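*Asks:* sequence and predicted structure below; questions after.
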Amino acid sequence: MAKKVSKRREALLKKIDANKVYSVDEAIATLPELKSAKFDETVEVALNLNVDPRHADQMIRGSVVLPNGTGKTVRVAVFAKDAKADEAKAAGADLVGSDDLIEQIQAGNIDFDIVISTPDMMGVLGKVARILGPKGLMPNPKTGTVTMDVAKAVENAKGGQVNYRVDKKGNIHAGIGKVSFENDKIKENLITFVRAINKAKPASAKGRYITNAAVSLTMSPSVTLNAAELMELK
């Protein structure tokens with residue numbers, strides 16, 4: 001039995017040409033028309049890449065700082081000691097600690113969006129890897145969240161850093177701003193994000209790299225992007 005489409009979604013679908021491949025400019029210009037929620041919806045980009053993440057050299061994972069931020073308030077927890085703990089606090093970290101933070105996490109108090117750690121604290125974090133890992137919160141050197149430069153990592157996290165990781169089917173999703181942003185700011189964020197993905201292209205990936213691409217809002221249908229245009233963003 002076909003799933004019934006709500007009147008709200010039906011109205012939104014009429015604003016999109018399902019047979020059209022939109023340029024970046026056309027797609028971004030369409031987004032404000034797709035706003036239907038009472039909150040400030042997130043602009044989301046979805047890419048399908050011609051990679052096989054089962055091969056280690058094709059596991060695309062990293063982070064990029066968006067020039068105009070994500071529009072989201074990010075709470076940052078830092079595992080560090082002594083001088084590095086002081087640096088993290090000065091940079092604006094919301095939570096800083098070691099064993100005390102571990103106890104909070106074990107008790108189910110996970111009141112943060114990103115975890116940063118100095119390399120020497122990763123052994124301590126191993127105690128809660130099974131809790132943080134499935135939530136995508138475990139620090140990783142590839143995303144810049146395992147570092148001695150905790151101040152810079154906190155600034156990046158607060159300033160619009162987006163972490164990305166390809167899933168088993170070659171998909172990457174990310175929030176790149178809010179629908180309330182000016183169109184040129186959304187475009188700048190989108191271009192910055194796609195450039196990072198293009199830069200991460202594995203040498204072993206053959207054929208067309210970005211096979212499909214789309215943008216959408218939290219509550220909207222997606223708008224198909226011109227993948228060839230995106231692949232030209234270097």
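*Replies:* The structure has been received and is ready for your questions. Just so it is clear, the structure is predicted and the values come from calculations on it, not from any experiment.

*Asks:* can you name the next helix or strand after the lowest-mean-pLDDT helix or strand in the chain?
*Replies:* Sorting the helices and strands of the chain by mean pLDDT, DSSP states H and E puts helix 7-13 at the bottom, at a mean of 85. Towards the C-terminus, the helix or strand next in line after helix 7-13, according to DSSP states H and E, is helix 24-30.

*Asks:* contacting residues around that next one?
*Replies:* Counting contacts by CB atoms under 8 Å, 6 or more residues apart in numbering, the residues outside helix 24-30 that touch it are 15-16, 22, 183, 186-187, 190-191, 215, 223, 225-226, 229-230. All C-beta atoms are positioned from the backbone trio N, CA, C, and that covers glycine.

*Asks:* and that helix, what's buried?
*Replies:* By neighbour count on 16 or more other CB atoms under 10 Å, the buried set for helix 24-30 is 24, 27-28, 30.

*Asks:* please apply the same query to stretch 12-23.
*Replies:* Burial within stretch 12-23, assessed by neighbour count using 16+ other CB under 10 Å, is assigned to 12, 16, 21-22.

*Asks:* burial check on Lys169, number of neighbours?
*Replies:* Around Lys169 sit 8 other residues, with neighbours defined as other CB atoms under 10 Å.

*Asks:* check Leu49 too.
*Replies:* 26.

*Asks:* got the buried residues of stretch 12-23 as CSV, with distance to Ile131 columns?
*Replies:* Supplementary listing: the buried residues of stretch 12-23 in CSV, determined by distance: CB to CB, whole Å:
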residue, distance to Ile131
Leu12, 38
Ile16, 40
Val21, 42
Tyr22, 41
